[in-house]
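*Asks:* Sequence and predicted structure below; questions after.
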Amino acid sequence: MTSSSPPAPAPQHVPQHVPQPLRPLRRLTARGREESHRVSSPLELFFDLCFVVAIAQAGAGLVHAVATGHAGEGVLNYAMVFFAIWWAWMNFTWFASAYDNDDALYRVVTLVQIAGVLVLAAGVSRAFAEHDFALVLIGYVIMRLALASQWLRAAREARGAERAMALRYAGGVLLCQVGWVALVVLPAHARPWVFLVMGIAELCVPVYAEKDHSTSWHPHHIAERFGLFTIIVLGETIAAATVAVKSAVGEHDALSELLPIAAGGLLIVFSAWWIYFVVPIHGHLRSNRESFLWGYGHYLIFASAASIGAGIEVTVEEAVGKAHISTTAASAAVTVPTALYLLTVWALHSRHFKVGLAQQLMLPVTALLVVCCTFLGDWAVPAAGFVSALAVATGTALTARAAAERPVNATADAS
């Protein structure tokens, strides 16, 4: 056919405006980093919602441990369980950003990963109460084996450095699963050290796998995925706190004591949402160096955001006399994770966009003031909420003033 030939007529029985159905199985090849309008898929959103089940279980275990006076042990168990949840979620998210072809096999393997996190969630309470991590490990291994199979499938279609990268990912993931077995086999006192060693090993897998070839993850897509998960975690925090207040009011009729805690908790969560989303971070994610640090740092963002809700539950239990800890200890369960959240969001997000010393110091100073609120007794949580909200208002005012002064300075420089 020459360039002057007329186009072949479309079949009469297939309207030209109806898209052709895609094949159930398609090649799993890398997507382009420059794709436009890249958004989260319904499968990814479903994936996130199912992970919240495990986060809720981890939060419940933390609440019980702290309220019964075993804060150190509870925080350690929470850190280990949350690492398994976060790392499996993040690895899938990064893989999906580069290789999601949404065919039938990809969907089935992703659903297997969801089944794995539900198995993990079922074992969380036993891990906290009996130090039995067997079910948590089984769920984690299910998720990781499913991801390794995705990497092997990607390696089958890739060539050269990309194929080597995919094989390194699959091999690294599989090798780490062998090491995690020690978490169940070794005595309880050795588990924190096993967790530390294996956690570092897991974090090294992407760095090693992508040393010669980077996956084609999409900056906008990655930023949206992490933002959506932050919203879900904060939503779970509100839900947990609401249930705690409702139960306490129903059992003890202590509305006057609980309303300030509820108001302070809401201000903290609302401020946490505002501070996270006030700047568009996707422009900062240009290479693996920035993105790895940013992604790994979200362990602290997600874990602290989720534990704020657990802290509010502890504070509610202490207010009605159900927790066997002091008021200061209960308040710290809210203020410490809130301060950690503020500092981590500043380090990963805000400092890249702040102009001037006042803007740069806003979140670190706020974090310090929130910690100081710990010692205000029954008013610790309301005070922390007020400080957080005041930081949002002050930061907004500083940003507005800087924006108003910028044209003036530009005119002065030009003259």
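*Replies:* Sure thing, it's come through.
*Asks:* in terms of contact, does residue 337 touch residue 309 like I think?
*Replies:* No. Assessed by C-beta atoms under 8 Å, residue 337 is found out of contact with residue 309, at 9.2 Å. For every residue, glycine as well, the C-beta is placed using N, CA and C.
*Asks:* So those two - more neighbours on which side?
*Replies:* residue 309 (31 against 25; other C-beta atoms under 10 Å).
*Asks:* Work out for me the element that one sits within.
*Replies:* helix 288-319 (DSSP states H and E).
*Asks:* Show me which residues of that helix are buried.
*Replies:* Residues 288, 291, 294-296, 298-319 are the ones in helix 288-319 that count as buried (16 or more other C-beta atoms under 10 Å).
*Asks:* quick one: the one residue sitting closest to the centre of the chain from residue 315, how far?
*Replies:* Against the mean C-alpha coordinate of the chain, by C-alpha atoms, centre = their mean, the closest residue is residue 302 at 4.2 Å. Counting by C-beta to C-beta, to the nearest Å, the gap from residue 302 to residue 315 is 21 Å.
*Asks:* same check, this time on residue 216
*Replies:* 45 Å.
*Asks:* And residue 386, by the same measure?
*Replies:* In terms of C-beta to C-beta, residue 386 sits 15 Å off from residue 315.
*Asks:* Quick one: neighbours of residue 357, just the number.
*Replies:* With other C-beta under 10 Å as criterion, residue 357 counts 8.
*Asks:* again, but for the one 10 residues further on
*Replies:* The tally of other residues near residue 367 (other C-beta under 10 Å) stands at 24.
*Asks:* Which helix or strand contains it?
*Replies:* Going by DSSP H and E, residue 367 is part of helix 357-372.
*Asks:* how distant is the helix or strand following that helix from the center of its chain?
*Replies:* Scanning forward in sequence from helix 357-372 by DSSP H and E, the next helix or strand is helix 380-414. Remark: helix 380-414 is offset 27 Å from the chain centroid, using C-alpha atoms, centre = their mean, to the nearest Å.
*Asks:* for helix 380-414, packing partners?
*Replies:* Contacts defined by 3 or more C-beta pairs under 8 Å, 6 or more residues apart in numbering; DSSP states H and E place helix 380-414 against helix 255-277, helix 288-319, helix 327-348, helix 357-372.
*Asks:* Going by neighbour count, which residues in the third one are buried?
*Replies:* Residues of helix 327-348 classed as buried: 327, 329-348 (neighbour count, 16+ other C-beta under 10 Å).
*Asks:* Next, the angle helix 380-414 makes with it.
*Replies:* 20 degrees (axes from the mean of the first three to the mean of the last three C-alpha atoms, to 10 degrees).
*Asks:* Helices along the stretch 151-300 of the chain, start to end?
*Replies:* For the stretch 151-300 of the chain, the helices defined by DSSP state H, counting those that start in this stretch occupy 160-180, 182-185, 191-209, 219-252, 255-277, 288-319.
*Asks:* contacting residues for the nearest residue to residue 368 once chain neighbours are set aside?
*Replies:* Leaving aside its sequence neighbours, residue 368 sits nearest to residue 339 (C-beta to C-beta, 6 or more residues apart in numbering; 7.4 Å). When contacts are counted by C-beta atoms under 8 Å, 6 or more residues apart in numbering, residue 339 touches 367, 368, 370, 371.
*Asks:* Which pLDDT does the model give residue 339?
*Replies:* Residue 339 is assigned 96 on the pLDDT scale.
*Asks:* same thing with residue 349?
*Replies:* 81.
*Asks:* contacting residues for it?
*Replies:* 276, 279, 281 are the contacts of residue 349 under C-beta under 8 Å, 6+ apart.
*Asks:* now swap in residue 281 and tell me
*Replies:* So residue 281 contacts 223, 294, 348, 349, 352 (C-beta under 8 Å, 6+ apart).
*Asks:* Number of residues surrounding the last one?
*Replies:* The local packing count at residue 352 equals 14, with neighbours defined by other C-beta under 10 Å.
*Asks:* Isn't residue 351 up against residue 361?
*Replies:* No. In this structure residue 351 lies outside contact range of residue 361 using C-beta under 8 Å: 10.2 Å.
*Asks:* picking that back up, quick one, the helix holding residue 309 and helix 191-209 angle?
*Replies:* Going by the same axes, to 10 degrees, helix 288-319 makes 150 degrees with helix 191-209.
*Asks:* What is the neighbour count of the residue nearest to residue 362 when sequence neighbours are not counted?
*Replies:* Of all residues not flanking residue 362 in the chain, residue 395 sits nearest, at 5.1 Å (C-beta to C-beta, 6+ apart). Per other C-beta under 10 Å, the neighbour tally for residue 395 reads 21.
*Asks:* cool, and the one 5 residues further on?
*Replies:* In terms of burial, residue 400 registers 10 neighbours under the definition other C-beta under 10 Å.
*Asks:* go on, residue 323?
*Replies:* Using other C-beta under 10 Å, residue 323 has 23 neighbouring residues.
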